[in-house]
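1. got a sequence here, can you model it:
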Amino acid sequence: MRIIWAGLVVLVLLAGPALAAGADDFIRPSVLAGIWYPAEAGELSRSVEGWLAGGGREQPPGRVLALVVPHAGHRYSGAVAGAAWGLASRLSPPPRTVVLLGPSHRFPLTKPSFWPQGAYTCPLGQVPVDADLAGRLSRRLEADFVRPAHLSEHCLEIQVPFIVKALPQARLVAGLTGRPDLARARLMGQALAEETAGRPVLLVASTDLSHFHPEEEAWRLDDRVAERIERLDPEGLLQDAVQGKAEACGLQALMAVMFAARQMGAGQGLILDRATSAKATGDSREVVGYLAAALRGSNAPEKTGAGPLELSPEQRQSIKDLARRSVEAAVLGRDLPTPPADDPLLARPGRVFVTLRIHDRLRGCIGTLSPRLSLGRAVVEMAALAALRDRRFEPIRPSELKDLQLEISLLSQPQPARPEEVQVGRDGLIIELNGRSGLLLPQVPGEMHWDREQFLDGLCHKAGLPAGAWRRPEVRLERFEALVF
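-> Here you go, the predicted model:
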């Protein structure tokens, strides 16, 4: 088993320099096809479909927030991986982005590395990169993009055929992690939870378990990992690993995903399948351990921020006054106001857009869909940005303040939508396709006297896409509602 593993590593490493020659090409090619899984598309399709079908059809209780998958060659760990990806294929609503984290085996990293754009490929096709989310995570974590680490790494690519088959509409955020560090794993988990809040995103940790022990010892070591996953205990998992009681090559990625899932409301890990390489090779002298798991929370809706609330007239006026004071401070070059600390409404997370008009003529509109800010802070920051930083307009001038009209839109959590489900007058829309995105608030089609198809075409125009692009099967369309005042 050790000889086979070493031989595969050498082959991948030899492929690395040649692949690195296309430094401007962000289509990450398959380097494992024909080595770690079949290179012929038909054979690979049949084998992956078999792994997915073999994982059972029972849906675990609770909301699946994250998965743990192994990353050996399909011959060794395909059946175990299929248990996790088969579950992913049955999730409703289906995840639209997979955030896949794994270890950098051959390039030591001090910071995470995210593939920034383009796609990951395999003989079955491509999985496009969610460049927006990859960029936000990279900035949040001060990550470095280390191209050679991705080009010679197997732990992410080995999952791509499963993603193509199980989640054909999904985009990918492909991230590599460095050495285990509890504080950094906690920070990464926090970033994952906050940057994906309210989105149909599935977190996945790619890791194998014990390496090259007799099978009896391997099961004993892997039992400790399974126990820590079931308890959602990344702190205990690292302690076990330090003491030699557990092994996982993707420990840092696994801890980060566990921290994120815990912050997102997961309360338990469920082991879906386990095995060792002996099942494939018949050799129990030196084995590698594999595990698939789901991290799950309750079925209750995720509480991720201010949606279309029922607000009293006084609450609405308080929010508008806060926005107006922010606009005036920004325009006059003063410090922005501080939201009241004792107001529970303003302290909750918020998705908000601030629209500015003068004599009913649009002069600025900027907002945020991320609930990482409190509602009060979001109102202050978005109002200031709408006044000064909407690139479609000149900044608001002091002389215009007396005529300024403000409109506040508090948004609900966006949800995946099909074009035929869109209701004009109720829904705001978000579209993403080929790295382009656009958003229109629910009030826009009424102001423009649009029907549903005109609304969808207008959304495409906002994103810089051709009319009718919303009909394409790979498009990502989401709807939300808003309280507008």
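2. looking at it, residue 250 is touching residue 72, isn't it?
-> No - using C-beta atoms under 8 Å, residue 250 makes no contact with residue 72, being 11.7 Å away. C-beta: built from backbone N, CA, C; applies to glycine.
3. identify the contacts common to the two.
-> Common neighbours of residue 250 and residue 72, using C-beta atoms under 8 Å, 6 or more residues apart in numbering, are residue 208.
4. okay, those two: which has more neighbours?
-> residue 250 (27 against 22; other C-beta atoms under 10 Å).
5. show me what contacts the more buried one?
-> 71, 101-103, 155, 177, 205-208.
6. try 7 Å this time
-> The neighbours of residue 250, taking C-beta atoms under 7 Å, 6 or more residues apart in numbering as the test, are 102-103, 155, 205-207.
7. can you check residue 146 too?
-> Counting by C-beta under 7 Å, 6+ apart, residue 146 has contacts 107, 109, 113.
8. so, low pLDDT: which residues of the stretch 1-150 of the chain?
-> For the stretch 1-150 of the chain, the stretches with pLDDT under 70 are 1-24, 55-59.
9. sec struct for the residue of the chain positioned farthest from its centre, please.
-> Most distant residue from the mean C-alpha position of the chain: residue 399, 43.7 Å away (C-alpha atoms, centre = their mean). Classification of residue 399 using DSSP: H, G, I helix; E, B strand; the rest coil returns helix.
10. how near is it to residue 141?
-> Residue 399 sits 43 Å away from residue 141, going by C-beta to C-beta, to the nearest Å.
11. which residue ranges of the stretch 201-350 of the chain form helices?
-> In the stretch 201-350 of the chain, the segments counted as helices under DSSP state H, counting those that start in this stretch are 215-231, 234-242, 251-263, 278-281, 313-332, 344-347.
12. hey, least reliable of those by pLDDT?
-> Per-stretch mean pLDDT for those is lowest at helix 344-347 (a mean of 78).
13. on that earlier part again, most packed of the helices of the stretch 201-350 of the chain?
-> helix 251-263 (a mean of 27; mean count of other C-beta atoms under 10 Å).
14. so which elements touch it?
-> strand 63-69, strand 97-103, strand 171-177, helix 182-195, strand 201-206, helix 234-242 (3 or more C-beta pairs under 7 Å, 6 or more residues apart in numbering; DSSP states H and E).
15. hmm, try it at 6 Å
-> Counting contacts by 3 or more C-beta pairs under 6 Å, 6 or more residues apart in numbering; DSSP states H and E, helix 251-263 is packed against strand 63-69, helix 182-195, strand 201-206, helix 234-242.
16. give me the contact list for the last one.
-> Identification of contacts with helix 234-242 by C-beta atoms under 6 Å, 6 or more residues apart in numbering yields 180, 182, 224, 228, 246, 251, 255, 258-259.
17. and the residues you listed as a markdown table, adding distance to residue 327?
-> As requested, the contacts of helix 234-242 are arranged in a markdown table below (distance: C-beta to C-beta, whole Å):
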| residue | distance to residue 327 |
| --- | --- |
| 180 | 47 |
| 182 | 43 |
| 224 | 57 |
| 228 | 50 |
| 246 | 55 |
| 251 | 48 |
| 255 | 43 |
| 258 | 42 |
| 259 | 38 |
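18. pull the most distant pair out of those residues.
-> Greatest spacing in the contacts of helix 234-242, by C-beta to C-beta: 224 and 259 (18.5 Å).
19. which ones among the contacts of residue 146 map onto strands?
-> residue 113 (DSSP state E).
20. which one of the contacts of residue 146 sits in the busiest neighbourhood?
-> residue 113 leads these on contacts (other C-beta under 10 Å) with 24 neighbours.
21. hmm, that residue is touching residue 174, no?
-> No - using C-beta atoms under 6 Å, residue 113 is not in contact with residue 174, being 9.0 Å away.
22. any idea how far residue 171 is from residue 115?
-> Where residue 115 is concerned, residue 171 sits at a distance of 12 Å (C-beta to C-beta).
23. kindly report the same for residue 369.
-> 23 Å.
24. what is the neighbour count of the nearest residue to residue 201 once chain neighbours are set aside?
-> Setting aside the residues directly before and after it, residue 201 is nearest to residue 97 in space (C-beta to C-beta, 6 or more residues apart in numbering), at 4.7 Å. By the criterion of other C-beta under 10 Å, residue 97 has 25 neighbours.
25. could we number from 2 for the rest of this?
-> Let's use 2 as the start, then, which means that last one is residue 98.
26. got the domain boundaries for the chain?
-> As given by automatic domain parsing, the domain ranges for the chain are 3-298, 314-485.
27. point out the most buried one among those.
-> domain 3-298 (a mean of 20).
28. what's the spacing between it and its chain's center?
-> Centroid separation for domain 3-298 versus its chain: 14 Å, with C-alpha atoms, centre = their mean, to the nearest Å.
29. could the helices and strands packed on helix 252-264 go into a markdown table alongside distance to residue 342?
-> Converted to a markdown table, these look like this (distance: least, C-beta to C-beta, whole Å):
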| stretch | distance to residue 342 |
| --- | --- |
| strand 64-70 | 31 |
| helix 183-196 | 21 |
| strand 202-207 | 31 |
| helix 235-243 | 31 |
